[in-house]
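Trainee: Sharing a sequence plus its predicted fold:
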Amino acid sequence: MISKYKISVIIPTFNRASLLDRALNSVFQQNSTEFEVVVSDNCSTDNTSKVIEKYRKYKNFKYNKNKSNIGMVGNWQKAICDVATTDWFILLSDDDYIIDTYFISNVINAIVNSNPVFVCSGAEIHDVEEGCIKEFALPFDGLTPGIELFLLRGKIRPLDSVLCSMAFKRADAVELGFFANENNLSCDSELYLKLCTLGDFYYIKTPQTAYTLHQNNLIRSINKYKEYRDGNIDYLINSIVFAKTHGVSNHVIKQFINNTGLKVKLIKTILMLRVSNENWYVDFLARIKMNAPDLIKLVALEVCVLWIFIKPFKFYFYEKYKLISLRSELQ
C-alpha cells in the first residue's frame, strides 16, 4: 500500500500516560502535515487510554494496543512493521519529545534533497537525576560520510547517539536485523552503525528533540540481567562483522574497537558470565567464537590471567557482579 504520508513518527509506550501526552502534543505542534503518528501501547494498565482519546480526532493518528507486553524491541517491531505505512520512520520514546516545530519538515527535506542512508539531528539531553540540560552535538553539518560517525562511537559525551533525533528507512530496519534480538537494547545503535558503513548520512546541526535521561531508562539494566548484558555486546560485535563484510578497513575496525572500549567490555562480560553461571559462559564463548573469532583471540590471555586471580574469590565476585536471567525473574 502506498502511503499518502512521507514519514511515520512512532511512539512506543507503556504506563507513562502523562509523558505520552507531552510527546504527542509536541508531534502535533509540527508545521508539517506529511507525517502519520503511530502509538504502540505495550499493554498499559494506567490511564493511557484517556490520553489516546484526545488525539483520535487527527486523521493521521493510529493507535495499537498489544494484548500482552511483548517487550521493548517486540513493541518497536510491531509498530514499525505492522502498523506504520511509510518508507521512513522516527522512533520517539514516550518520555522524549520534539522541541523544534520544523523537525519533521527538516527531516523530510533532507531525505528528498540529499538521499542519505539515515538522518540525524542535534538534541537536548534532559538529565533528571542531575537536574540539568546537556547538549547532544556532533561536529558535522549536512551530508556527511557515514564512516566519520562510525569512528566517533564511544567518543561523544554524555551520549554518542540519541534515538529520537534519528530517521531510518523501514526497509533497512528489516533487512539489517533491527529486531533480530529482543534483548539487544542497543539495536538502534547497531542499525545506525551498520548504515554508517553503507553511505552518507545527513546531520541537522540545531537541537530538534529532547531526550530524557533518568534512572528508569531500560539500558541501565545491562549489568543486572544476563540477556541484556549479552545483547549490549552483540550490537558492537554485529556492527564490526557487518563493517568487515562491507569493505571497511582493518585500520578503521581497530580504531572502532579502541574507541568503544569493546575489549574491556568483552572481558568483563565473559568474567561476569563465568562467575554467574558456567553454562552461560560456555554458550557465550561458543557464539562469539563462531561470529567473531578474532575478538576471542584479542581477549583470551587477559581473561585467563584474570580468572586465575578471581577463581579463589569466586563467591565474593559472585555477590558483587552476578547476573540473573530475565526468565528466572519472570517465573
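Mentor: Sure thing, it's come through.
Trainee: Specify the local secondary structure of N69.
Mentor: Following DSSP: H, G, I helix; E, B strand; the rest coil, N69 is assigned to coil.
Trainee: That one and L20: what is the separation?
Mentor: Distance from N69 to L20, counting by CB to CB, to the nearest Å: 16 Å. To be clear about C-beta, it is placed using only N, CA and C from the backbone, and glycine gets the same treatment.
Trainee: any chance you could map the helices in the stretch 1-150 of the chain?
Mentor: With helices called from DSSP state H, counting those that start in this stretch, the stretch 1-150 of the chain shows them at 17-27, 48-53, 72-77, 103-114, 146-150.
Trainee: That should have said the stretch 151-300 of the chain, apologies.
Mentor: Under DSSP H, counting those that start in this stretch, the stretch 151-300 of the chain gives helices at 170-175, 187-196, 226-245, 250-260, 262-276, 278-291, 293-310.
Trainee: And the protein, split by domain according to the record?
Mentor: Following the assignment in automatic domain parsing, the chain carries domains at 7-219, 223-330.
Trainee: now the last one: mean pLDDT?
Mentor: Spelled out, it's domain 223-330. Mean pLDDT, computed over domain 223-330, is 93.
Trainee: One more: stretch 91-100?
Mentor: Over the span of stretch 91-100, the pLDDT mean works out to 97.
Trainee: related to what we said a few turns ago, which one of the helices of the stretch 151-300 of the chain has the most crowded surroundings?
Mentor: helix 187-196 (a mean of 24; mean count of other CB atoms under 10 Å).
Trainee: Show me what the strand ranked longest in the chain pairs with in its sheet, parallel or antiparallel.
Mentor: Across the chain, the strand with the greatest residue count (assigned by DSSP state E) is strand 200-213. Within its sheet, strand 200-213 is paired with strand 97-98 (antiparallel), strand 119-127 (parallel), strand 142-145 (antiparallel), according to DSSP bridges.
Trainee: relative to helix 17-27, how tilted is it?
Mentor: Per axes from the mean of the first three to the mean of the last three CA atoms, to 10 degrees, the angle that strand 200-213 makes with helix 17-27 is 140 degrees.
Trainee: Now do strand 200-213 and helix 187-196, the angle between them.
Mentor: 160 degrees.
Trainee: Just the angle for strand 200-213 relative to helix 103-114, thanks.
Mentor: If you take the same axes, to 10 degrees, strand 200-213 sits at 160 degrees to helix 103-114.
Trainee: now strand 200-213: mean pLDDT?
Mentor: 97.
Trainee: roughly how far is it from the heart of the chain?
Mentor: 14 Å (CA atoms, centre = their mean, to the nearest Å).
Trainee: can you list the weak-confidence ranges in the stretch 51-200 of the chain?
Mentor: Low-confidence segments of the stretch 51-200 of the chain (pLDDT under 70): none present.
Trainee: A17 versus the residue nearest to D21 when sequence neighbours are not counted, what's the distance?
Mentor: Computed as CB to CB, 6 or more residues apart in numbering, the closest residue to D21 that is not its neighbour in sequence is V51, at 4.8 Å. Distance, V51 to A17, by CB to CB: 5 Å.
Trainee: Please identify which of these two sits among more neighbours.
Mentor: Taking other CB atoms under 10 Å, V51 and A17 do not tie; V51 has more neighbours (24 against 16).
Trainee: My read is that that one contacts L19, right?
Mentor: No. The criterion here is CB atoms under 8 Å, and V51 misses it with L19 at 9.5 Å.
Trainee: check contacts around the residue nearest to L195 when sequence neighbours are not counted.
Mentor: The spatial neighbour of L195 that comes closest, neighbours along the chain excluded (CB to CB, 6+ apart), is V117 at 4.5 Å. Residues counted as contacts of V117 (CB atoms under 8 Å, 6 or more residues apart in numbering) are 146, 169, 172, 195-196, 198-201.
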